[in-house]
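> Need a 3D model of the sequence below.
(4 chains)
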Amino acid sequence: MSLLADLFTVAAVTLGLVFFVAGTVGIIRFPDSLSRLHALTKADNLGLGFIVLGLLPQCAGVFDALKLLFIWLLVQFAGATGAQLVARVLRREERP
Amino acid sequence: MTAFLNIAAFVVLLGVAIGLVRVLRGPSRADRLMAVQLLGSGSVGACLLLAFAGGRFAFIDIALTLALLAAFAAIAFSLSALDSGREGEIGGPES
Amino acid sequence: MTGATFDTATLYGLCGAALVGIGLFGLVLDPKPIRKILAFNLVGAGVFLVFGVIARRGAAAGFGGDPVPQALVITGIVVAFSATALAVTLVQRLSSAATDAGQPGQAASVPPKGETGTPGQGDAAS
Amino acid sequence: MTETAFFDTLLVVTMIGLAIWMIVVRDVFAAIIGFMAFGLLLSLVWLRIEAPDVGLTEIAVGGGATGVMLLRARGLASAGDAMNAVPSVPFRVLVGVLAGAVALFLGALVVFPPAVAPTLAPLAAEHLASTGVGNPITAVLMAYRAFDTFLETVVVLLALIGVWSLTPDGAWGARPRVASADVPAPLLLLAQWLVPLGIVIGIYITWVGADEPGGKFQGATILAAMWMLVMMAGLRSAPALSSRRLRIALVVGPAIFIAIGVSGFHFAGAFLAYPDGLAKPLILAIEAGLLISIAAMLGMLLAGPPLEGDRP
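Numbering: from 1, shown residues only, chains lettered A, B, ... in the order given. Here you go, the predicted structure:
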């Protein structure tokens, strides 16, 4: 059981890392700011999401697991709002 | 498992550091604002991985605070850039 | 623990020392007040970090570090924030005073924004 | 150690790179963003050197609040635009050499530590049980060195009085202007959802401070940030400087601290001495009062003074 949990953790966290790295590649390679913003938000949400998912079986108790999920929801929610605001800044800079 | 999680934290930090170099160079203000967002989620991820690597579950609370305040900072910075973009300068009317 | 030691704490201690150097350089050479405030905060971060490493070396009695210097650093961070707030406001007022002197009446022509309230009737005090 | 060495080295390299970039980059906005990023990374450093309480403070105060405050200040970025005099090359070299010497000296202190590292940890551990709290940092801040903590609160209050005293004559007593010029709809939604959650988290972080990393300074900063969010979204305006409720909130914590401190003379024989068995409830009472006061102080420091045009 513990081995199974560990395997799950390794798989999910690795998947999360792939998304983080993909996000970084997107940020470096994409030509315009709006695409870079897109790459950034995808990487954040999915990357952190899979890392949280992978860490869930390692939690000592239910409360810790709930806190982990809550952190992910918080980052999702605030990240979406932040991306909206950054996009507004971008639009204003392009059309002054 | 400890070794794996430590290496994972390293990979997250590496991604964030390389991305940081790109977004901080700009050229637009929006690009630089992305640095705050990138750092926010990246450091939350690294903090969680460190927590489980070292068996330090108290770090989860720190990741929670990090998530909340990094979000706050990103929003405050964007608002400030929006306001100043309208008035032509970071500073606003007096500048 | 005699002579040169090199571990994680040493690495971060050297980082703190380097930050103090970089911060001092910027503090002395950059003419802009806000850049000086930023550089001052860098120096502070470096000093706190070196102090934190000293605390780490004092790990004993089952604690990861000596709690007394750690508590002092927490106090220091809060006091540095207060000092920065005061410095920021001072620079801000100095610059608007300079603007007033240069172009009389300009600052006063800024239309009031947001709500204004009657003194003594604040409703948002936490 | 081996596999964490990668992480540690990368973290140090990134931070030093950010610090140099902050000093050399032309754009002030970019330098402030760099400082914010630097603060977030610095908090990870504190976790790596076993000081999670300091890391939490750094996240809250060092990175978040300081960065937001630097951006908030109207007219700050252009202040000193006239001061463009670039120092001469010999002077720059001299400053570089001297700053390098200071860094080398500190570095030598780190690499060649004393044979026996000085520590107060055993002493702190010995009396931990009598304070009733499990987190040694909280014990130091609230019991062993409570007088320092009291004075620290007073320093923050003095800084606020200093900031307020810079209010222009015409604006004295007014509300500081914080609200954004036009509030985007997503921000409004976020302020309505995030703030209640943030208040719960702030109180939780203060509460767990007795036994885990946390405490009133960190909790109060979270509360101050949430208050700032409400003010920026225009849901509530900042309180007027002359508001009585604001002023009561500012002094309630120090007042409880003094009251319990003075009663220590009567019940335990010294200023700020806690009677046996009552240490924990008294510490909690002081922390609750200080939470309100420090949150109000930090929030008003973030908001800054009212300026011209913010007439009462």
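> for chain D, what are the nearby residues on chain A?
Within reach of chain D by Cβ under 8 Å from any Cβ of the partner chain, chain A has these residues: A:74, A:77-78, A:80-81, A:84-85, A:88. All C-beta atoms are positioned from the backbone trio N, CA, C, and that covers glycine.
> So how do I select the buried members of those in PyMOL?
Remark: buried members of those, expressed as a PyMOL selection using 16 or more other Cβ atoms under 10 Å in any protein chain shown:
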select buried, chain A and resi 74+77+78+81+84+85+88
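> and the residues of chain A next to chain D as JSON lines, adding pLDDT and secondary structure?
As requested, the residues of chain A next to chain D are exported to JSON lines (pLDDT from 0 to 100; DSSP: H, G, I helix; E, B strand; the rest coil):
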{"residue": "A:74", "pLDDT": "89", "secondary structure": "helix"}
{"residue": "A:77", "pLDDT": "84", "secondary structure": "helix"}
{"residue": "A:78", "pLDDT": "83", "secondary structure": "helix"}
{"residue": "A:80", "pLDDT": "83", "secondary structure": "helix"}
{"residue": "A:81", "pLDDT": "84", "secondary structure": "helix"}
{"residue": "A:84", "pLDDT": "84", "secondary structure": "helix"}
{"residue": "A:85", "pLDDT": "84", "secondary structure": "helix"}
{"residue": "A:88", "pLDDT": "83", "secondary structure": "helix"}
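> possible to save the residues of chain A next to chain D as CSV with distance to residue D:27?
Formatted as CSV, the residues of chain A next to chain D follow (distance: Cβ to Cβ, whole Å):
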residue, distance to residue D:27
A:74, 30
A:77, 30
A:78, 26
A:80, 27
A:81, 25
A:84, 24
A:85, 19
A:88, 20
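> how close does residue D:298 sit to residue D:55?
18 Å (Cβ to Cβ, to the nearest Å).
> Likewise for residue D:212?
In terms of Cβ to Cβ, residue D:212 sits 13 Å off from residue D:55.
> between these two, who's got more neighbours?
Ranked by neighbour count (other Cβ atoms under 10 Å in any protein chain shown), residue D:212 and residue D:55 place residue D:55 first, with 27 against 21.
> so where does the more buried one fall, helix or strand?
Residue D:55 belongs to helix D:52-57 when elements are defined using DSSP states H and E.
> Quickly check: the following helix or strand past that helix near chain A or not.
Remark: after helix D:52-57, the chain's next helix or strand is helix D:66-72, criterion DSSP H and E. No. Helix D:66-72 is not in contact with chain A by Cβ under 8 Å from any Cβ; minimum separation 12.8 Å.
> which element follows helix D:66-72 toward the C-terminus?
helix D:89-111.
> Find the closest residue to chain C in chain D.
Scanning chain D for proximity to chain C using Cβ to the nearest Cβ identifies residue D:243 as nearest, at 2.4 Å.
> Tell me how far that residue lies from chain B.
Taking Cβ to the nearest Cβ, to the nearest Å as the measure, residue D:243 falls 23 Å from chain B.
> give me the number of residues near that residue?
22.
> now do residue D:221
Neighbour tally, residue D:221, other Cβ under 10 Å: 29.
> Likewise for residue B:3?
Neighbour tally, residue B:3, other Cβ under 10 Å: 11.
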